[in-house]
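Undergrad: Quick one, fold the following:
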Amino acid sequence: MKLKKIVKELTAHRLIIVSLSLVLLLLVNILFTRTNKDTDKVAFIPEEKMETIEIVEIPFVSSIQDKISTVEAVLLPGSNLNDLLITQGLSRDQASSVVFEMSPYVDLRRMRAGEIFTLEFINDDFEKLSMNTSNNMIVEVFRDNSVENGYRAVEKERQLNSFVKHVSGTIEDSLYNSALDSGMSANILTELIHLLSFDVDFQRDIQQGDTFDVAFEEIYDNNGEKVEDGQILCARLMTDGREIEFYYYTDLEGKSDYFNIDGQTIRKTLLKTPINGAYITSGYGMRVSPITGYNKKHQGIDFGAPRGTPIYASGDGVIESAYYSRVYGNFIELRHVNGYRTLYAHMTNYARGMRKGIRVKQGQIIGYVGSTGMSTGPHLHYEISYWGTKVNPSTVKSPPGKSLKDKDLVLFENLKNSYIASFLEKI
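TA: Below is the predicted model:
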């Protein structure tokens, strides 16, 4: 009896242990399953709370210890891109692949000495080459292991920044020298002179003590280097008791031009001065001819200038005559609207493509100063005729052209006032 009692007690004890073990295993399984389910869940973010992430191109770096280096290489005379790449440590196969990828975007046969290439390396291994193909475009060839030869080329716009520069000054000896001394570039100055030529006779109007203010754009790349000059935005010239102003404006149709304070385009039928940097050597009227010695009416204006100085068409027109004559030498006569004709004589040669019947635009180069025909030295003889009668070029007053109206005039006034407050405010 005693033995049976002991067996029963052991059996009951085992049942209790087994039951507890089963319960414990069940609890562990439940907890593990819940943990896995929580791990597998994907959080849902409402679309309106999601932020746009900008993807930025960066070179492939396999380790935080990788070293990135940049080299600027210049193409030397008598060399080519393939040779340049080999001298920078690329293998012949690498150089050949890079040149091949770049060839659709660049005419390698016309590549000149002085071209600059930027090469990037990672741990001394070539990664990327870039070249500026124009002021606003760049070609890049970079490592891409997904393509057959390991490199791929793309063409894209350069990242450029525009800044406004304002210069002002007082004319001491000439507008040209004073403007350069004030910090104006030669390109901007040339454009300024061209725009002022509609209203200014530089030989007679400009005087010592005259003042100027000009605001214009300068374009820089991301390295802070100047790429090019932009547009002249506004300008003011105080000369001979007159105040000449003009402003750059793009109308609602997308057409851009320069307008005076009243919203009228500054472009007139004819320029007063069809040549830059010249001085009047002989005016319109009676004079003793330096060739014949006789007293005779000089029916134009002579502008003295170095041989080869560009001559501009003083207005839109068609070439009526372009040949050599005993008196005028190489000359061009243009026919304009409203009965006007202009003549340019004693040229050393014509600009390319100039011949009878060709249509030219105002300010377009038509020839170059010379001393052909009856001439005692390099100069431009300039004549204007109106319905067949020779007139004094310095007294011709061309009617104004396009005028802004309605919404364009309102927008122009706002822009003009902004420029005046920013750059041209009187002291």
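
Undergrad: quick one: least confident helix or strand in the chain?
TA: helix 2-40 (a mean of 57; mean pLDDT, DSSP states H and E).

Undergrad: Pull the residues that contact stretch 148-155.
TA: Stretch 148-155 has contacts (CB atoms under 8 Å, 6 or more residues apart in numbering) with 94, 97-98, 100-102, 104-105, 133, 137-144. Quick note: C-beta positions are derived from backbone N, CA and C, even for glycine.

Undergrad: Is it possible to mark the buried ones in these?
TA: Buried by 16 or more other CB atoms under 10 Å: 94, 97-98, 101-102, 105, 133, 138-143, out of those.

Undergrad: Which strand residues bridge Cys381?
TA: For residue 381 the amino acid is His, not Cys. Asp302, Ala345 (DSSP bridges).

Undergrad: next one: the one 10 residues further on
TA: With DSSP bridges as the criterion, the beta-bridge partners of Val391 are Ile384.

Undergrad: and it, how far is that from Leu180?
TA: Val391 is 35 Å from Leu180, where distance means CB to CB, to the nearest Å.

Undergrad: What backbone torsions are found at Asn149?
TA: Dihedral pair for Asn149: phi -90, psi 0, per degrees, to the nearest 10.

Undergrad: Correction: the previous question concerned Ile311.
TA: Backbone torsions for Ile311, taken as degrees, to the nearest 10, come to phi -110, psi 130.

Undergrad: Repeat that for Asn187.
TA: Dihedral angles (degrees, to the nearest 10) for Asn187: phi -70, psi -50.

Undergrad: So the closest residue to it other than its chain neighbours: helix, strand or coil?
TA: Using CB to CB, 6 or more residues apart in numbering and skipping the chain neighbours, the partner closest in space to Asn187 is Asp229 (4.7 Å). Assigned with DSSP: H, G, I helix; E, B strand; the rest coil, Asp229 falls in the strand class.

Undergrad: got the domain boundaries for the protein?
TA: The chain resolves into domains spanning 68-158, 161-259, 279-395 when parsed by automatic domain parsing.

Undergrad: circling back: switch the buried ones among the contacts of stretch 148-155 over to TSV; also include pLDDT.
TA: As requested, the buried ones among the contacts of stretch 148-155 are arranged in TSV below (pLDDT from 0 to 100):
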residue	pLDDT
Gln94	88
Ser97	87
Val98	88
Glu101	86
Met102	86
Tyr105	86
Thr133	79
Ile138	83
Val139	87
Glu140	86
Val141	86
Phe142	86
Arg143	87
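
Undergrad: Residues contacting stretch 386-403, please?
TA: Here stretch 386-403 makes contact (CB under 8 Å, 6+ apart) with 198, 201, 204, 257, 262-265, 267-270, 272, 283-285, 299-301, 315, 339-341, 382-385.

Undergrad: picking that back up, figure out which of the domains of the chain is closest to Ser422.
TA: Ser422 lies closest, by CB to CB, to one member of the domains of the chain: domain 161-259, at 7.4 Å.

Undergrad: Look at the residue lying closest to Arg92 once chain neighbours are set aside and give its secondary structure.
TA: If the residues on either side of it in the chain are set aside, Arg92 comes closest to Ile86, at 6.5 Å by CB to CB, 6+ apart. What three-state DSSP gives for Ile86 is helix.

Undergrad: Skip the chain neighbours and tell me the closest residue to Ser182.
TA: In this structure, Ser182 finds its nearest non-sequential neighbour in Gly169, 3.8 Å apart by CB to CB, 6+ apart.

Undergrad: typo on my end, it should be Lys272
TA: In this structure, Lys272 finds its nearest non-sequential neighbour in Asp201, 5.2 Å apart by CB to CB, 6+ apart.

Undergrad: and the gap between the one you found and Asn82?
TA: Per CB to CB, Asp201 is found 56 Å from Asn82.

Undergrad: Give the buried residues for stretch 150-160.
TA: Neighbour-count burial for stretch 150-160 [16+ other CB under 10 Å]: Tyr151, Ala153, Arg158.

Undergrad: Among those, name the ones in helices.
TA: Among the buried residues of stretch 150-160, no member falls in helices (DSSP state H).

Undergrad: Poorly predicted segments of the stretch 201-350 of the chain, please.
TA: 203, 283-296 (pLDDT under 70).

Undergrad: Tell me how many other residues surround the residue nearest to Arg92.
TA: Residues lying near Ile86 (other CB atoms under 10 Å) number 14.
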